[in-house]
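In: I would like the atomic coordinates for the input below:
(2 chains)
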Amino acid sequence: MKPADETMMRPAALELVVNGERRSIAVGTLQEALGVLGYGDVKVATALNGVFVAANRRAETELATGDRIEIVAPRQGG
Amino acid sequence: MDAIEQTPGAAGRPLTLYGERVASRLLLGTAQYPSPQVLADAVAAAEAGIVTVSLRREAARGGTGQRFFELIGSWRESRGVRVLPNTAGCRTAREAITTAEMARELFDTAWVKLEVIANDDTLQPDLFGLVEAAGELIKRGFKVFPYTTEDLGAAERLMRAGCEVLMPWGAPIGTGRGLANPYALSTMRNYFPGVPLIVDAGIGAPSHAAHAMELGFDAVLLNTAVAKAGDPVAMAAAFAGAVRAGRTAFEAGLMEKRDMAEPSTPVAGTPFFDLGS
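Out: Sure, this is the predicted structure:
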């Protein structure tokens, strides 16, 4: 058993939907989520709950349980 | 005829889209090719000045998007090929607006091929959602290329919203049926003599592309007909030739159609011709 105060220090895991899949991660902002999820060095664009979030706004965009995140990249198209 | 002669590209005048001069009248989609190399060779063979691109969900640590981004960047550097990001698959104005915003950031262009799809079977444009999304995007500074039908009322609303280019369908996306309603497309051409009009979707063969160009359309946009050809690179070259031929024919002025035959060889002096017999 870890001391209770150490557990309290960690951020609570958020229940998120990332590109349509349920993920449980302990992060505060969209920027942190991208890092934890493995998009740190990948060129992507993002939307939160259907609304575009510009790259320079990710660090100040706080997440909450239930949020839906879209992470997209360039692809071939017609 | 007067109206047609005023079209933006008529009589050798270059095609201009949102103030940008475009050398090629063939816009090519980048999807469904057998390999990135075949895609690159097809874009070169088509002499395409604009290619359409898209956005899709990226896997963690994925490099797929980055590799494609580098490929289109190399075309831009070597031949000045522009990208036109689409909002393919969007079902509502809201989805299309968010997708356009994401595309503008990733591709660093305000151009967007706006698709709002009404129905999965026909992939028909939802004209109501299209007009709504176009108006909002133009307020946000986008240069909108709306994928629309030949409906003149919708076209007028799109232009009132600020669209400077319209992209009516030839036939539903991916069908390869050519110009399903040439009468309506011809009417649209004549109704909007000063607006750049690009036939988008449904083009299956070079003859279809030539047909659109002969009607006076400013350009054509196609994808599947090249990507799914037995030899995509050769087909891209065939389309480039057809677009050039159709445009040259339009500028040269096609003959009037007649109901009855008329001899092309002069009648006067025909041997054995005797009015009295």
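In: Which residue ranges of the chain form strands?
Out: All of this is about chain A. According to DSSP state E, chain A carries its strands in the segments A:14-18, A:21-25, A:45-48, A:51-53, A:68-76.
In: To clarify, I was referring to chain B.
Out: Using DSSP E, strands in chain B cover B:15-17, B:20-22, B:26-29, B:50-57, B:82-85, B:111-114, B:143-148, B:167-168, B:198-200, B:219-222.
In: Apart from its neighbours in sequence, what residue is nearest the residue nearest the centre of chain A?
Out: In chain A, the C-alpha nearest the mean C-alpha coordinate belongs to residue A:33, at 3.1 Å (CA atoms, centre = their mean). Nearest-residue entry for residue A:33: residue A:27, 4.6 Å, with adjacent residues in sequence omitted and distances by CB to CB, 6 or more residues apart in numbering or on different chains. No exception for glycine: its C-beta is placed from N, CA and C like everyone else's.
In: For residue B:172, which residues are in contact?
Out: Applying CB atoms under 8 Å, 6 or more residues apart in numbering or on different chains to residue B:172 gives the contacts B:122-124, B:180, B:201-202.
In: wait, I meant residue B:57
Out: A:19-20, A:70-72.
In: Quick check: residue A:31 vs chain B, distance?
Out: Look at residue A:31 and chain B: by CB to the nearest CB, to the nearest Å, they are 15 Å apart.
In: Just give me the neighbour total for that residue.
Out: 21 (other CB atoms under 10 Å in any protein chain shown).
In: that older thread, show me which of the contacts of residue B:57 are buried.
Out: Buried subset of the contacts of residue B:57 (neighbour count, 16 or more other CB atoms under 10 Å in any protein chain shown): A:19, A:70-72.
In: Show me what from chain A comes close to chain B.
Out: A:19-20, A:37-39, A:42-47, A:50-52, A:54-55, A:70-78 (CB under 8 Å from any CB of the partner chain).
In: what residue ranges in chain A score low on pLDDT?
Out: For chain A, the stretches with pLDDT under 70 are A:1-11.
In: now the closest residue in space to residue B:202 that isn't next to it in sequence: how far from chain A?
Out: Among residues not flanking residue B:202 along the chain, residue B:171 sits closest, at 2.7 Å (CB to CB, 6+ apart). Separation of residue B:171 from chain A (CB to the nearest CB) stands at 14 Å.
In: Now do the contacts for residue B:171.
Out: Shown in contact with residue B:171 (CB under 8 Å, 6+ apart): B:177-180, B:201-204.
In: ChimeraX command to pick out the buried ones of those?
Out: A single ChimeraX command is used to select the members of those judged buried by 16+ other CB under 10 Å:
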select /B:178,179,201,202,203,204
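In: Which one of the contacts of residue B:171 is nearest to residue B:15?
Out: residue B:203 (17.3 Å; CB to CB).
In: my read: that closest one touches residue B:219, true?
Out: No. Applying CB atoms under 8 Å as the test, residue B:203 and residue B:219 come out as separate, 11.2 Å apart.
In: got TSV for the strands of chain A, with distance to residue B:208 too?
Out: Shown next, in TSV, are the strands of chain A (distance: least, CB to CB, whole Å):
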stretch	distance to residue B:208
strand A:14-18	42
strand A:21-25	41
strand A:45-48	35
strand A:51-53	36
strand A:68-76	22
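In: got the residues of the stretch 151-277 of chain B near chain A?
Out: Within the stretch 151-277 of chain B, the positions near chain A by CB under 8 Å from any CB are B:173, B:223-224.
In: again, only using 10 Å
Out: The stretch 151-277 of chain B has residues B:173-174, B:200-201, B:221-224, B:227 near chain A, with proximity defined as CB under 10 Å from any CB of the partner chain.
In: most surrounded residue in these?
Out: With neighbours taken as other CB under 10 Å, the top of those is residue B:222, carrying 32 neighbours.
In: Quick check: residue B:95 touching residue B:116?
Out: Yes. The pair residue B:95 and residue B:116 qualifies as a contact (CB atoms under 10 Å) at a distance of 8.0 Å.
In: Report the inter-axis angle for the top helix by length along chain A versus strand A:68-76.
Out: For chain A, the helix with the greatest residue count under DSSP state H is helix A:30-37. Put simply, helix A:30-37 runs at 70 degrees to strand A:68-76, going by axes from the mean of the first three to the mean of the last three CA atoms, to 10 degrees.
In: got the angle between helix A:30-37 and strand A:21-25?
Out: 100 degrees.
In: Now for the closest residue to residue A:68 other than its chain neighbours, how many residues are close by?
Out: Spatial nearest neighbour of residue A:68, chain neighbours left out: residue A:17 (4.5 Å); criterion: CB to CB, 6+ apart. Residues near residue A:17, counting by other CB under 10 Å, number 14.
In: Report the beta-bridge partner residues of residue A:17.
Out: Taking DSSP bridges as the rule, residue A:17 bridges to residue A:22, residue A:68.
In: Contact partners for it?
Out: A:23, A:49, A:66-70 (CB atoms under 10 Å, 6 or more residues apart in numbering or on different chains).
In: so how far is chain B from it?
Out: In terms of CB to the nearest CB, residue A:17 sits 12 Å off from chain B.
In: ok, residue 62 - contacts?
Out: Assuming you mean chain A. Neighbouring residues of residue A:62 by CB under 10 Å, 6+ apart: A:27-30, A:32, A:48.
In: that's the wrong chain, I meant chain B
Out: For residue B:62, the contact set (CB under 10 Å, 6+ apart) comprises A:38-39, A:42, A:44, A:71, A:73.
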